[in-house]
Structure formats: structure tokens, C-alpha cells
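> For reference, the sequence and a predicted model appear below.
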Amino acid sequence: MQPQPSHPAANPALPPELDRALAAFRRHLSAERGMSPHTVRAYLGDVGGLLEHAAEGGCAGLAGLDIQVLRAWLGEQHRAGQARTTIARRAAAARAFTAFAHARGWIDSDPGGQLGTPKTGRHLPEVLNHEQMSTVLDARPPVVPAPPGTEAETASAEAVELRDTAIMELLYACGIRVSELCGLDLGDLDESRHTIRVLGKRSRERTVPVGIPAVRAVRAWLAGGRPLLAVERSGRAMFLGARGGRIDPRTARRVVHERIEAAGSVPDTGPHGLRHTAATHLLEGGADLRSVQEMLGHASLATTQIYTHVSVERLLAAYRQAHPRA
């Protein structure tokens, strides 16, 4: 059985059968597995590269996609100097595609099951200590004075500062992802219970606790900042860009980098570093691993366990520095 031409081309440069399979895989990832658009693009880019390699080797259909083709493709990545993490990710995408094709009956056996992947090692995420994090939250980028007679621009700048403060407090308080923050709507914050409703990966919804400083910062933004930026197209978005639309991840990341830069000699961990920092501080404060897993929205406890290694490393570093017989 071959994939049917019932959807638009995914990569017109591919032979028709491979192109139809790639298009079907795209629908499978987004509609059936509920992956984010970013993840879907990454998978399609990797699998598209595999199929282009197969086509260049004379493979016009899925029947020719065997373990030799997969290994030759990954070997080409290695010779090109790709990092182990990149090769491991591309191998994972290839396995997902061949498993999908086999489940659809397009290939007799799944060659991806025979595919090994290089060990990538686990890199401990960089985190800020409590003092550094407090410095970042208190920091403010330098304000450029507005020209005379520009009251609207001044009001807009004040609104953006309230927004940016709320973003920083919320990212650290909840450990949520930037994409999750950008997706927040009015009404997602429950001020009475100090919780916020978050829509995570694969459309999984969870409720996350929020600290009092973050609640106050969001309240100040919603009362004194958001109305100054809101326009008709703002809809129910909680956080807005300077022109009134829903804030985008690029803007949110820029906010984090600017605030960390304003803090001075603090490592620029970026938005994901705030998530790492929140998780590590929770564990250091006595939170159990399962609670942190639920808060971060990790599907697997194994993903959360890396933060225990971070805490141990920080403990060892403090011991070596402070103990006279370390």
C-alpha cells in the first residue's frame, strides 16, 4: 500500500511517493500527536533531509528506505561535523517516521528499530542563585527619555515596563515555558487561589501555583498597563506587544535578555534558564520531585530528575568552597 495523494505537497523536490508520505507525516504529527508547530517543523526538516538523501541515492519509494539508507544518512551527518545532539535528534525523527510508515502499512518492516543513536551526555542547565535571581527581578533597563509632547509614547513605555516586570516575575514564579506564557489569556490567573491555568505541550492543560509578588505584578500590568496597549485585535490575550497584538515568543525572550543584562554581572541564562532556576530553587527548598514534575508539565519524571543533579552539583560546589577539609 502506498500513501494516497489526498493532501498538498510537503516537498515538491521529492519523488511523488516520498513527498506524499512526508505530507501525511506532517498531518500525523500535528493532528494525531498534537505536537507544537515548532516541533512539527523540526521533525519535517529532519525527515525531509532523510528522504532527499534517499532520493539522491536512487530511492523513489518507501520500499527502498532500509537500515542501510538510514545509517548512510546519519554517517553523512557525522562526516559533516554535526554535533552528537543534532545526530541523535535526527535519528529520533527518522525512527518516528519509519514507525509511522510501518504502522500505515507502507513498508513491510520498521528499519528505524535497528537504528542506534550516539550518547549525547547530559548537560546540567545553568541556574542562578537566590541573590542573582533577586538582582535580576529588581533590575530595570535604562529608560530613553521621550521627546517633549509625546505623552502617548511615555504612557506606552510605562505600560511596557509593567508588562516586562510581570513577565519576569511569572516566568520565575511558575517555571513555565515562554510559549506557555505567550498563550495565557485573561481569566487564566486565579488571584484568590494564587494559581494560573497553563496550556502546555500537546495541548495538555495544568494548574500552576503563583507566588504573591508575581500575582501583584500581573495585577499591576492588567490594571495599569494592558489598557494602554489594548486594541481591537488584542482579544483575550493576557500579555500584549507594543502594537496591541498578543505578545510573541521572540519579544518575550528579548525582555528576559534585556532584564538580565540590566542586572550586571549575572549569567545570561535566557528564559529557559529562569525555568531551570525555578525548578532548582524548589527542590533546594524541599519540594518533592513529583510536585516539580507537575508544575513544569513534564510528561516523564526522568526529565525532571536532571534538576536533582543540578542541586547536588551546587551542594558539592558549596562544600568544596566552604569546608576546610573538602
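Thanks, I have it.
> On the pLDDT front, check Val292 for me.
On pLDDT, Val292 comes in at 85.
> Repeat that for the one 10 residues further on.
In the predicted model, Ala302 carries a pLDDT score of 74.
> can you count the residues close to it?
Residues within reach of Ala302, counting by other CB atoms under 10 Å, total 9. C-beta here means a position set from N, CA and C on the backbone, and glycine is covered the same way.
> which helices and strands sit right next to the helix or strand in which it is found?
Using DSSP states H and E, Ala302 sits in helix 301-304. Packing contacts for helix 301-304, counted by 3 or more CB pairs under 8 Å, 6 or more residues apart in numbering; DSSP states H and E, involve helix 289-296.
> ok now the helix it packs on, how far from the chain's centre?
Its chain's C-alpha centre and that of helix 289-296 lie 17 Å apart, by CA atoms, centre = their mean, to the nearest Å.
> Export it to PDB, keeping only CA atoms.
Presented in PDB, the C-alpha positions along helix 289-296 are these (Å, rounded to 0.1, in the frame of the first residue of the first chain):
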ATOM      1  CA  LEU A 289      10.200  15.700  42.600                       C
ATOM      2  CA  ARG A 290       6.600  14.700  41.600                       C
ATOM      3  CA  SER A 291       5.300  18.200  42.500                       C
ATOM      4  CA  VAL A 292       8.000  19.800  40.400                       C
ATOM      5  CA  GLN A 293       7.200  17.500  37.500                       C
ATOM      6  CA  GLU A 294       3.600  18.500  37.700                       C
ATOM      7  CA  MET A 295       4.400  22.200  37.900                       C
ATOM      8  CA  LEU A 296       6.800  22.100  34.900                       C
END
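> What are the buried residues along it?
Neighbour-count burial for helix 289-296 flags Leu289, Val292, Gln293, Met295, Leu296 (criterion: 16 or more other CB atoms under 10 Å).
> what do you get for stretch 200-207?
For stretch 200-207, burial by neighbour count (16+ other CB under 10 Å) applies to Gly200, Arg206.
> So what does Gly34 look like in phi/psi?
phi 60, psi 30 (degrees, to the nearest 10).
> gap between it and Gly175?
Distance of Gly34 to Gly175, given as CB to CB, to the nearest Å: 22 Å.
> Of the two, which one has the most company?
Taking other CB under 10 Å, Gly34 and Gly175 do not tie; Gly175 has more neighbours (24 against 13).
> What residues does that one make contact with?
By CB atoms under 8 Å, 6 or more residues apart in numbering, the residues touching Gly175 are Val208, Leu274, Arg275, Ala278, Ala279, Leu282, Met295, Leu296.
> Near the nearest residue to it once chain neighbours are set aside, how many other residues are there?
Spatial nearest neighbour of Gly175, excluding adjacent residues (CB to CB, 6 or more residues apart in numbering): Ala278 at 3.6 Å. For Ala278, the neighbour count with other CB under 10 Å is 23.
> what comes up buried for the strand or helix carrying Ala278?
Using DSSP H and E, Ala278 sits within helix 270-284. Counting neighbours by 16+ other CB under 10 Å, one finds that the buried residues in helix 270-284 are 271, 273-284.
> Mind picking the two most distant members of those?
Pro271 and Glu284 (20.6 Å; CB to CB).
> thinking again about what came up before, which residues does the helix holding Ala302 contact?
Counting by CB under 8 Å, 6+ apart, Ala279, Leu289, Arg290, Val292, Gln293, Leu296, His298 sit against helix 301-304.
> now do stretch 256-270
Residues outside stretch 256-270 that contact it (CB under 8 Å, 6+ apart) are 125-128, 132, 135-136, 138-142, 164, 167-168, 171, 178, 253, 271, 273-274, 276-277.
> Give me the subset of the residues you listed that lies in helices.
If you go by DSSP state H, the contacts of stretch 256-270 have 132, 135-136, 138, 164, 167-168, 171, 178, 253, 271, 273-274, 276-277 in helices.
> Just the closest of the residues you listed to Thr195, please.
Among the ones in helices among the contacts of stretch 256-270, Leu171 lies closest to Thr195 (CB to CB), at 15.9 Å.
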